[in-house]
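> Structure here, sequence nowhere to be found:
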């Protein structure tokens, strides 16, 4: 329903939008900026997809109207006015972004953390001197299709019968993800990029120190992971079968509760590519939050876990690498943006 509304609004919704637009013309520029930088606290709680995969038409319409606020590249003054956890969107089909506060955290797994591996050590402090922005959601099929239509992305992933719209983009290689952020940067004139591995763990933890943002134990009502054997599921030209006995599939990006910083599905559903090359440990890793661009750069890092893999692989500290041309069904991307100050 939401995807359909995003593509073609009905006459009634158009009338409402036009009425809102008429009122907006008479308001101040400050109100327009407020529309463009909503805060997480303004959002109503969302229903778990485990309760019902469908929303009422009225609720879907209201959410779509909320998303129709002014979408344009931020001016420097608008960017400087943003505060941590403010949200913005710089074009109609661009990802919705959220401002991440400067700060520091301990990256990697604690000694003795269940299911942790040697490549998650040693735990080390990482500091972010400046805020940055990151996507509230994984890039959607609809957002990816806009890049394909504009000629910025050459690969159009099949939806495997799961739909497009607000479903996450899947089967995305690291090179595809780089094409997408390059297109976003050209389209908006703003510095979009892949997040660093440190940034991705920082926003997943959102100030927490536990294995998942909600605690040390996995909670099925909080994330989309396979309960059984989390074997890797390769993509194929035809249909892709879920892990045996799980019946799992990727869910729309706005599923489950957001974490304390307003990001959705930082654990499970699909993996996010990051900029970093692969290294077998954190010995020598950057401490300033930047991407680690040395090491084995034929391999790149994925973060977050997936619908087809076990909950242990969705922990905040968990790491995975892959190299082209190994295209996997659960590979996706969540974009970052540099906030120039």
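Okay, I see it. This is a predicted model, so every value here is computed, not measured.
> Read off the pLDDT value for the closest residue to residue 296 other than its chain neighbours.
Among residues not flanking residue 296 along the chain, residue 278 sits closest, at 4.6 Å (CB to CB, 6 or more residues apart in numbering). For every residue, glycine as well, the C-beta is placed using N, CA and C. The per-residue pLDDT reported for residue 278 equals 98.
> Just to check, residue 278 is in contact with residue 302?
No. Applying CB atoms under 8 Å as the test, residue 278 and residue 302 come out as separate, 10.0 Å apart.
> Just want to know which of these two has more residues nearby.
Set side by side, residue 278 and residue 302 show unequal neighbour counts under other CB atoms under 10 Å, the larger going to residue 302 at 24 against 19.
> Give me the common contacts of residue 278 and residue 302.
Between them, residue 278 and residue 302 have residue 321 as joint contacts when contacts are counted by CB atoms under 8 Å, 6 or more residues apart in numbering.
> Contact partners for the residue nearest to residue 296?
Counting by CB under 8 Å, 6+ apart, residue 278 has contacts 295-297, 299-301, 321.
> Next one: it from residue 254, what distance?
Applying CB to CB, to the nearest Å, one obtains 31 Å for the distance of residue 278 from residue 254.
> Please name the residues that touch residue 128.
If you count contacts by CB under 8 Å, 6+ apart, residue 128 has them with 100, 102-104, 199, 202, 288-289.
> one more time with 7 Å, if that's ok
Taking CB atoms under 7 Å, 6 or more residues apart in numbering as the contact definition, residue 128 lies against 102-104, 202, 289.
> Model confidence score at it, please.
The model reports residue 128 with a pLDDT of 98.
> Show me what it is bridged to.
Residue 128 forms beta bridges with residue 103, as assigned by DSSP bridges.
> follow-up on the earlier one: kindly indicate which of the contacts of residue 128 lies nearest residue 191.
Using CB to CB, residue 289 is the member of the contacts of residue 128 that sits closest to residue 191, with 15.3 Å.
> Hmm, that closest one is touching residue 198, no?
Yes. Residue 289 is within contact range of residue 198, at 4.7 Å (criterion: CB atoms under 7 Å).
> So for those two, which sits in the more crowded spot?
Neighbour totals were compared for residue 289 and residue 198, and residue 198 leads with 26 against 23 (other CB under 10 Å).
> Helix or strand: which one has the more buried one?
Element membership of residue 198 [criterion: DSSP states H and E] is helix 197-205.
> which element follows that helix toward the C-terminus?
Using DSSP H and E, the helix or strand that directly follows helix 197-205 along the chain is strand 271-278.
> The next helix or strand after that next one pairs with which strands?
Under the assignment DSSP H and E, the closest C-terminal helix or strand after strand 271-278 is strand 296-303. The sheet places strand 296-303 alongside strand 271-278 (antiparallel), strand 320-322 (antiparallel), with pairing taken from DSSP bridges.
> Tabulate these (CSV), appending distance to residue 192.
CSV is the format used below for the strands paired with strand 296-303 (distance: least, CB to CB, whole Å):
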stretch, distance to residue 192
strand 271-278, 12
strand 320-322, 22
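> Ranking these by mean neighbour count, which comes first?
The densest packing among the strands paired with strand 296-303, expressed as mean neighbour count by mean count of other CB atoms under 10 Å, is seen in strand 271-278 with a mean of 25.
> Now do it against helix 197-205, angle only.
Between the axes of strand 271-278 and helix 197-205, defined by axes from the mean of the first three to the mean of the last three CA atoms, to 10 degrees, the angle is 150 degrees.
> Report the buried residues of stretch 81-94.
82, 85-90, 93-94 (16 or more other CB atoms under 10 Å).
> Could you give the separation between the terminal residues of it?
Between the start and the finish of stretch 81-94 there is a gap of 20 Å, counting by CA to CA, to the nearest Å.
> what's the answer for stretch 192-210, then?
The first-to-last residue distance of stretch 192-210 comes to 29 Å (CA to CA).
> just stretch 124-137 next, same as before
Distance across stretch 124-137, first residue to last, is 27 Å (CA to CA).
> mean confidence score for stretch 171-178?
The average pLDDT within stretch 171-178 is 98.
> buried stuff in it?
The neighbour-count check on stretch 171-178 (16+ other CB under 10 Å) flags 171-174, 176-178 as buried.
> Great, nothing more from me.
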